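> Sharing a model that was predicted from the sequence below.
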Amino acid sequence: MSNKRPNIVFILANDYGIMDSQAYAQKFTGVEPSKMFYETTNIDRLINESTAFSQAYANQLYSPTRASIMTGKYAGRLDCTTVMPPRETYYNQNPTTPEGSYAHDVLGNKDNFLIEEVRSVPIKDMFYEYFV
């Protein structure tokens, strides 16, 4: 067994379902790639060469979903059930990673990160860099 740490790429996209990439559709539903609307060759290669994440609870809105991913808690327990929750809900959870652990960056929607009030709270410390 290798002592090398694996690379982890986590992609969270709005309105992206199991039928939106050929690899997931074929792997989990049996649909042939020729019947797919999209060609997703790069995503498919990532999925086929790695461990595919296939079980998760997603909310109908993106902010609660991201709050759950960032904290590991259900959005309802964080009182985050709308697009822009009060900042004292999940922003002050202040998750940290151990010294010498993975570098972690975020690229994404502006709703959680662009507003100056949000940038000034500890969530910005979760990432080495963030781009919105």
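Looks like it came in fine.
> tell me which residues in stretch 64-84 are buried?
By 16 or more other C-beta atoms under 10 Å, the buried positions in stretch 64-84 come out as Pro64, Thr65, Arg66, Ala67, Ser68, Met70, Thr71, Ala75, Leu78, Cys80. Using the backbone N, CA and C atoms, a C-beta is placed for each residue, glycine as well.
> doesn't Thr65 make contact with the last one?
No: under the criterion of C-beta atoms under 8 Å, Cys80 makes no contact with Thr65, lying 9.5 Å away.
> Show me which of the buried residues of stretch 64-84 is closest to Glu32.
Closest to Glu32 out of the buried residues of stretch 64-84 is Thr65 (29.7 Å), distances taken as C-beta to C-beta.
> where exactly do the strands run in this structure?
For the chain, the strands defined by DSSP state E cover 105-107, 129-131.
> Compare these and say which comes out lowest on pLDDT.
Among the strands of the chain, strand 129-131 carries the lowest mean pLDDT, a mean of 49.
> any chance of the buried residues of stretch 64-84 in a markdown table, plus distance to Thr41?
Listed next are these as a markdown table, based on distance: C-beta to C-beta, whole Å:
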| residue | distance to Thr41 |
| --- | --- |
| Pro64 | 31 |
| Thr65 | 26 |
| Arg66 | 27 |
| Ala67 | 32 |
| Ser68 | 30 |
| Met70 | 30 |
| Thr71 | 33 |
| Ala75 | 33 |
| Leu78 | 37 |
| Cys80 | 35 |
